[in-house]
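Trainee: Build me a model:
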Amino acid sequence: MSSKSILNESSLAFLEEYLNNASPTGFEAEGQKLWMNYLKPYVDTFITDTYGTAVGVINPDAPYKVVIEGHADEISWYVNYITDNGLIYVIRNGGSDHQIAPSKRVNIHTKKGIVKGVFGWPAIHTRNRDKEENAKIDNLFIDIGCDTKEQVDAMGVHVGCVITYPDEFMIMNGDKFVCRAIDNRMGGFMIAEVARLLKENKKTLPFGLYITNSVQEEVGLRGAEMITKTIKPNVAIVTDVCHDTTTPMINKKIEGEIQIGKGPVITYAPAVQNNLRDLIIDTAENNKLPFQRLASSRVTGTDTDAFAYSNGGVASALISLPLRYMHTTVEMVHREDVENVIKLIYETLLTMKNEETFSYFK
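Mentor: Below you'll find the model as predicted:
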């Protein structure tokens, strides 16, 4: 594959629409429809399941099945309690960060449409100077401009409504993509681009390819856990995000050293099958693609774990996209890393042999 940019105008238009659309955990369907519509020209058929995981399939009749996967859901909040004077308290839906919430605008999703609100916070003038109270789950509240609980009800807001941030996609300094929910809608985008490149470059794979956009990763890898039992894959290559550790207040001795712009991240972990990982590393080296290494203790914390330990064991590996400011509204990745993850997955698929067992005992 050439070194020129592989993202075209329609790719970037789709990426912006896909990132800007809200797909909170458990409510991913609208985003899945956008993704499937984009993917449709590049696959033979689709599989969907009860909870909304979507899979584009190339060569559906092939007995040997390879998954490339990202997760679709973003962290969010639920309405948990509405006070008599119309303020709203919340609980997490996924790993939402209480520290970034104060003074953020929010979208509350209701049957009547989006209701706008703000996370209120006491003015600096009124707070105790001796000991600042930090934001935490029991003092965060949303104000939607109502005086009573009845007014909140009339706007269609009730316990269980899901809440997202409205922050939208932007490009900084020419090559930094910034948005909420890059974790991990960028993964869904990257695997879709792999399918596009296979089609446009007229590549024929000897196996079935299952381009899998899983739901509910942020609450315990649940969508992957479900769909792997449906697909019963032989191999799974998962893509998710990992931490850029070069910004302040991150301990590299604990988190390792990873930086945006220095390439895809290849993980070492018990769930990662060594022979599959070595194939990916060989592919990167043979194609002169930059990459970084990361070690994960016990679990990867990604859908890799769900695929690896399913169906009696599935050869699985993780190719991560380095990201700054995870679980904030300003998640940031480098365009070159995005392109290199796409290239690495694409070239690995072209290298992979049909019926490969990845056995340690050949």
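Trainee: pretty sure V338 is touching I191, no?
Mentor: No. Contact between V338 and I191 fails when scored by CB atoms under 8 Å: they sit 11.7 Å apart. In short, each C-beta sits where N, CA and C put it, glycine included.
Trainee: Who has more neighbours out of those two?
Mentor: More neighbours surround I191 than the other of V338 and I191, with 29 against 23 (other CB atoms under 10 Å).
Trainee: got a list of what the more buried one touches?
Mentor: 68-70, 211-213, 239, 345 (CB atoms under 8 Å, 6 or more residues apart in numbering).
Trainee: Go again with 10 Å.
Mentor: 35, 39, 56, 67-70, 209-213, 237-239, 341-342, 345-346 (CB atoms under 10 Å, 6 or more residues apart in numbering).
Trainee: are any of these buried, and which?
Mentor: Burial by neighbour count, judged by 16 or more other CB atoms under 10 Å, picks out 35, 39, 56, 67-70, 209-213, 237-239, 341-342, 345-346 from the contacts of I191.
Trainee: Okay, and which of these map to helices?
Mentor: If you go by DSSP state H, these have 35, 39, 341-342, 345-346 in helices.
Trainee: possible to save the residues you listed as a markdown table with pLDDT and distance to I231?
Mentor: Below are these laid out as a markdown table (pLDDT from 0 to 100; distance: CB to CB, whole Å):
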| residue | pLDDT | distance to I231 |
| --- | --- | --- |
| W35 | 98 | 17 |
| L39 | 98 | 16 |
| V341 | 98 | 22 |
| I342 | 98 | 22 |
| I345 | 98 | 17 |
| Y346 | 98 | 20 |
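Trainee: of these, closest to I163?
Mentor: The closest of those to I163 turns out to be W35 (CB to CB; 22.4 Å).
Trainee: For the closest one, give me its contacts.
Mentor: Counted by CB under 10 Å, 6+ apart, W35 has contacts 14, 18, 21, 23, 28, 54, 56, 70, 72, 185, 188-189, 191-192, 211, 213.
Trainee: What residues sit buried inside stretch 213-230?
Mentor: 213-219, 221-228.
Trainee: How about stretch 295-307?
Mentor: Using 16+ other CB under 10 Å as the test for burial, stretch 295-307 gives 296, 300, 302-307.
Trainee: As TSV, these with pLDDT, secondary structure and distance to P166 would be great.
Mentor: Shown next, in TSV, are the buried residues of stretch 295-307 (pLDDT from 0 to 100; DSSP: H, G, I helix; E, B strand; the rest coil; distance: CB to CB, whole Å):
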residue	pLDDT	secondary structure	distance to P166
S296	96	coil	33
T300	97	coil	31
T302	97	coil	27
D303	98	helix	27
T304	98	helix	31
D305	98	helix	32
A306	98	helix	31
F307	98	helix	33
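Trainee: Now tabulate these in a markdown table and tack on distance to F177.
Mentor: Listed next are these as a markdown table, based on distance: CB to CB, whole Å:
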| residue | distance to F177 |
| --- | --- |
| S296 | 24 |
| T300 | 23 |
| T302 | 20 |
| D303 | 21 |
| T304 | 23 |
| D305 | 26 |
| A306 | 26 |
| F307 | 26 |
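Trainee: Closest one of those to Q99?
Mentor: Taking CB to CB as the measure, Q99 lies nearest T302 of the buried residues of stretch 295-307, at 23.3 Å.
Trainee: In contact with the closest residue to Y64 other than its chain neighbours, which residues?
Mentor: Nearest in space to Y64, with sequence neighbours left out and distances taken as CB to CB, 6 or more residues apart in numbering, is F207 at 4.2 Å. Each residue near F207 by CB under 10 Å, 6+ apart is listed here: 58-59, 62-66, 233-235, 349, 352-356.
Trainee: which ones among these are found in helices?
Mentor: Within these, residues falling in helices by DSSP H are L349.
Trainee: List only buried entries from the contacts of F207.
Mentor: 58-59, 64-66, 233-235, 349, 352, 356.
Trainee: can you list the weak-confidence ranges in the stretch 1-150 of the chain?
Mentor: 1-3 (pLDDT under 70).
Trainee: Quick one: the strands in it, in order.
Mentor: 45-48, 54-58, 65-71, 76-82, 87-93, 105-110, 113-120, 141-143 (DSSP state E, counting those that start in this stretch).
Trainee: Of all the ones you listed, which one is nearest F361?
Mentor: strand 65-71 (21.3 Å).
Trainee: Quick check: neighbours of that closest one in the sheet, parallel or antiparallel?
Mentor: Using DSSP bridges, strand 65-71 pairs in its sheet with strand 208-214 (parallel), strand 235-243 (parallel).
Trainee: Tell me what angle the helix or strand just after the shortest one forms with strand 65-71.
Mentor: Secondary structure here is assigned by DSSP states H and E; on that basis, the next helix or strand after strand 208-214 toward the C-terminus is helix 222-231. Between the axis of helix 222-231 and that of strand 65-71 there is an angle of 160 degrees, by axes from the mean of the first three to the mean of the last three CA atoms, to 10 degrees.
Trainee: Alpha carbons of helix 222-231, as PDB, please.
Mentor: Extracted C-alpha coordinates of helix 222-231, given in PDB (Å, rounded to 0.1, in the frame of the first residue of the first chain):
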ATOM      1  CA  ARG A 222     -20.900  -7.400  26.900                       C
ATOM      2  CA  GLY A 223     -21.600  -7.000  23.200                       C
ATOM      3  CA  ALA A 224     -18.400  -8.800  22.200                       C
ATOM      4  CA  GLU A 225     -19.300 -11.600  24.600                       C
ATOM      5  CA  MET A 226     -22.600 -12.000  22.900                       C
ATOM      6  CA  ILE A 227     -21.600 -11.800  19.200                       C
ATOM      7  CA  THR A 228     -18.500 -14.100  19.500                       C
ATOM      8  CA  LYS A 229     -20.900 -16.900  20.400                       C
ATOM      9  CA  THR A 230     -22.900 -16.100  17.300                       C
ATOM     10  CA  ILE A 231     -20.000 -15.800  14.800                       C
END
